[in-house]
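>>> please work out how this folds:
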Amino acid sequence: MRKAVPVLCFLLVVLTFANRVTAVSTISYTENFETALSSGAIVVDVRQEKSCLEGSLFTARCLPASDFFGPHGRLVNMADLLWLLGTAGLSGKEHVLIAGNSPLKRDFVAGILFLAGQQKVSILTVSFPELKNKTSGLTSGQKRQNTRQVVHNLPFRSDLIILRNELSGLFKEGNLPDLLDGRSENEYWGENIRTFRGGHLPGAQHLPASRLRSLLENDSEEILNFGSPIVYAHNTIESVAYFSLLRAGFGIKARVFLAGWVDWAMHPSLPVDSLTYPDKKTLQEKPDPEINSSNNLLILSAVITIGFALIGWSIYSKFSKQS
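Coordinates of the predicted model:
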């Protein structure tokens, strides 16, 4: 029995390590759609439904990025998200291949599925215009159903999601991990403002998504090892897409501040670095009352003068005719 204990411990360590390796490799980029399809991957087309139905990869499920949002760009709640994935026939155990033309929408949907517990997510880096030249032909995608076809029942990766209250609590504790801001440089420094105020989270390092995408294409340099940073961008769609980019493209075990900068900035009590506010529209200066009075007097005097001149001309003309 004593000999069995070390063996069991060893197996637990091996299984734990294997689970971690699997977790790291469950989201990745790929250019080879043929290999993914031959291995049984299900294509998820994130373009608008009309484009998906007109022509997509074989057996593609149409699941536009816009379907994940309610009114005013608010992300659907957990129950609605699971229902949505069920209507697309996803239980969470499948290997999904995310395809689309917009890197932002493509990476967002991939990130949401990954956070929702999807077992394996591959992101196709080839756009549909390029696919037309690489495949014999596109077939009509499958519209998702009005009712749930399967139950998406894998657990959420909730440990990778950070909410505003949690992040605020970490600031108060003074025990923050690395923070990465994926917005543009002008937004990071508060020069370009898309919400209530500009700036960035205190201590956040600037690593724009545009630079990361360029590195993926050119492979010209490496980025620093940030461990397990908390990452964010402007809003939910940009933050989740940035999260996917870091995980799938660079293997960074990021966590995501889901609501993004716009949520943080809308609460004036929360701390901000490089704080700025939008410029108010300058009001037109009211005319000086004294200058206005002087102008009125000049106009009145001119009108009276012209009036007397006209009367005088009329009298002069009348007497000229009589004579």
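>>> the helices in this protein, which residues?
4-24, 33-38, 49-54, 78-87, 103-115, 128-134, 164-173, 185-188, 209-218, 236-250, 261-265, 289-322 (DSSP state H).
>>> orientation of the fourth one relative to helix 103-115 in degrees?
Comparing the axes of helix 78-87 and helix 103-115 via axes from the mean of the first three to the mean of the last three C-alpha atoms, to 10 degrees yields an angle of 100 degrees.
>>> state the mean pLDDT of helix 78-87.
In this model, helix 78-87 carries a mean pLDDT of 95.
>>> in it, what counts as buried?
By neighbour count on 16 or more other C-beta atoms under 10 Å, the buried set for helix 78-87 is 81-82, 84-87. To be clear about C-beta, it is placed using only N, CA and C from the backbone, and glycine gets the same treatment.
>>> who's in contact with it?
The contact list for helix 78-87 (C-beta atoms under 8 Å, 6 or more residues apart in numbering) reads 63, 67-68, 70, 75-76, 92, 112-113, 116, 144-152, 156.
>>> buried among the residues you listed? Need that as a selection in PyMOL.
To isolate the buried subset of the contacts of helix 78-87 in PyMOL, counting by 16+ other C-beta under 10 Å, use the following:
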select buried, resi 63+67+68+75+92+112+113+116+144+148+152
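>>> any weak-confidence spans in the stretch 201-323 of the chain?
Residues of the stretch 201-323 of the chain meeting the criterion pLDDT under 70: 219-222, 280-323.
>>> cool, and the stretch 1-150 of the chain?
The stretch 1-150 of the chain contains residues with pLDDT under 70 at 1-25.
>>> swap the cut-off to 50 and go again
Scanning the stretch 1-150 of the chain for pLDDT under 50 picks out the ranges 1-24.
>>> surely K120 touches G92?
No. Under the criterion of C-beta atoms under 8 Å, K120 is not in contact with G92, lying 10.0 Å apart.
>>> what is the neighbour count of S228?
Burial of S228 is recorded as 11 neighbouring residues (other C-beta atoms under 10 Å).
>>> same question, S28
Using other C-beta under 10 Å, the number of residues around S28 comes to 16.
>>> which residue sits closest to it in space, ignoring its chain neighbours?
Among residues not flanking S28 along the chain, A248 sits closest, at 5.1 Å (C-beta to C-beta, 6 or more residues apart in numbering).
>>> just the buried residues of helix 78-87 now: which is nearest L53?
Of all the buried residues of helix 78-87, T87 has the smallest distance to L53: 15.6 Å, by C-beta to C-beta.
>>> the closest one and R106: what is the separation?
Here the criterion is C-beta to C-beta, to the nearest Å. By it, T87 lies 20 Å from R106.
>>> L85 and F226, how far apart?
Going from L85 to F226 by C-beta to C-beta gives 30 Å.
>>> typed the wrong thing, it's S214
Distance of S214 to F226, computed by C-beta to C-beta: 18 Å.
>>> before we move on, what about L113?
23 Å.
>>> which of the buried residues of helix 78-87 sits closest to R47?
Proximity of the buried residues of helix 78-87 to R47 (C-beta to C-beta) peaks at L84, which lies at 16.4 Å.
>>> centroid residue for the chain?
The chain has E238 as the residue nearest its centroid, 1.8 Å off, counting by C-alpha atoms, centre = their mean.
>>> tell me who's in contact with that one.
E238 makes contacts with 104, 108, 182-183, 209, 260, as judged by C-beta under 8 Å, 6+ apart.
>>> all set now, cheers.
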